[in-house]
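# sequence isn't available, so here's the structure alone:
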Ligand code: 5GP
């Protein structure tokens, strides 16, 4: 897959407000927050979208879902509640072709989404 801006963030070639990092994943504040708390959690592996997840990514995706509540706790939105969003493809609203999970909170979030 083609490299995206997120690869540059992983390599620290462009700055980001990082809230969590390990060997497999990085979480950082979204540059255009849609809620008081808006963090993106990404795997360092370049997977272009949910459509490109393969069986070998099972453990990595499980790791991501274990991290989400820990990061939400760290961001102090775990108790009030939050939303995890993965946009896939153009009609799904995906604009960066490196799989990512939005963690949004800090205000009541409307449903259904637009
Ligand atoms: P998508 O629309 O693909 O689901 O989400 C991509 C997200 O990446 C958007 O919310 C956008 O604001 C965010 N984003 C795009 N470029 C950058 C960047 O350079 N830095 C940060 N921190 N976020 C970015």
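Alright, I've got the coordinates. What you see is a predicted model; the values in this text were computed from it and never measured.
# quick one: mean pLDDT for stretch 29-43?
The average pLDDT within stretch 29-43 is 98.
# mind checking how far that stretch is from the chain centre?
7 Å (C-alpha atoms, centre = their mean, to the nearest Å).
# how about that stretch: buried residues?
Judged by neighbour count (16 or more other C-beta atoms under 10 Å), stretch 29-43 contains these buried residues: 30, 35, 37-43. The C-beta positions use only the backbone N, C-alpha and C, and glycine is treated the same way.
# which one of these sits closest to residue 10?
Comparing the buried residues of stretch 29-43 against residue 10 with C-beta to C-beta places residue 42 closest, at 7.5 Å.
# which residues touch residue 102?
30, 34, 38-40, 83-87 (C-beta atoms under 8 Å, 6 or more residues apart in numbering).
# identify, from those, the entry nearest to the ligand.
residue 87 (3.5 Å; C-beta to the nearest ligand atom).
# would you mind measuring from the closest one to residue 113?
Separation of residue 87 from residue 113 (C-beta to C-beta, to the nearest Å): 10 Å.
# now, which of the contacts of residue 102 lie close to the ligand?
30, 40, 87 (C-beta under 6 Å from any ligand atom).
# got the residues of this structure near the ligand?
5, 16, 28-32, 40, 87, 93-96.
# now for these, which pair is the farthest apart?
Those two in the residues of the chain next to the ligand that are separated most widely, counting by C-beta to C-beta, are 16 and 93, at 20.6 Å.
# going along the chain, name the strands of this structure.
For the chain, the strands defined by DSSP state E cover 18-21, 25-29, 37-43, 82-85, 101-105.
# neighbouring contacts of the longest one?
The set of residues that contact strand 37-43 without belonging to it, under C-beta under 8 Å, 6+ apart, is 6, 10, 19-20, 24-30, 57, 60, 64, 67-68, 71, 75, 77, 82, 98-106.
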